[in-house]
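Student: One predicted model, sequence on top.
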Amino acid sequence: MKKKDNQQLLGDIVRQLVDYYGLGSKLDEINIGHLWDENMGQMIAKHTNNIYLHEKTLVIELDSAALRNELAYGKERIRNMINEGLKKNLVEEVIVK
């Protein structure tokens, strides 16, 4: 089917709306939450109180001191996992608290 001059692809329109309303960072946070749950497993996801992105820093809040200590050693791995899952270099630093 040939595209007429006044027609646009739906995907292009959605991207324009996301950019116009500044929703990109919130969509990234939602995607990070899904990636976290999928890749870290049910046990870690259960002990995760909050995970959010502040500028280029990923903040992970946990309710378990032992888990917090364990994940603190894997910050580089967590950063790489999230960036690869999002297919962009969004996270530069990871804070586990």
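Tutor: Sure, I can see it. Everything quoted here is computed from the prediction, not taken from an experiment. Numbering: from 1, shown residues only.
Student: Give me the most central residue, the chain.
Tutor: I32 (2.1 Å; CA atoms, centre = their mean).
Student: what about the nearest residue in space to that one that is not next to it in sequence, neighbour count?
Tutor: Spatial nearest neighbour of I32, excluding adjacent residues (CB to CB, 6 or more residues apart in numbering): I82 at 5.8 Å. C-beta coordinates here come from the backbone N, C-alpha and C atoms, glycine included. I82 is flanked by 23 other residues according to other CB atoms under 10 Å.
Student: roughly how far out does the helix or strand harbouring I82 sit from the chain middle?
Tutor: I82 belongs to helix 75-86 when assigned by DSSP states H and E. Counting by CA atoms, centre = their mean, to the nearest Å, helix 75-86 is centred 9 Å from the centre of its parent chain.
Student: How about the contacts made by the residue nearest to the centre of the chain?
Tutor: 51, 53, 58, 82, 85-86, 91 (CB atoms under 8 Å, 6 or more residues apart in numbering).
Student: Give me the buried subset of those.
Tutor: Using 16 or more other CB atoms under 10 Å as the burial test, the contacts of I32 include 51, 53, 58, 82, 85, 91 as buried.
Student: which stretches of this protein form strands?
Tutor: Assigned by DSSP state E, the strands in the chain fall at 48-54, 57-62, 93-96.
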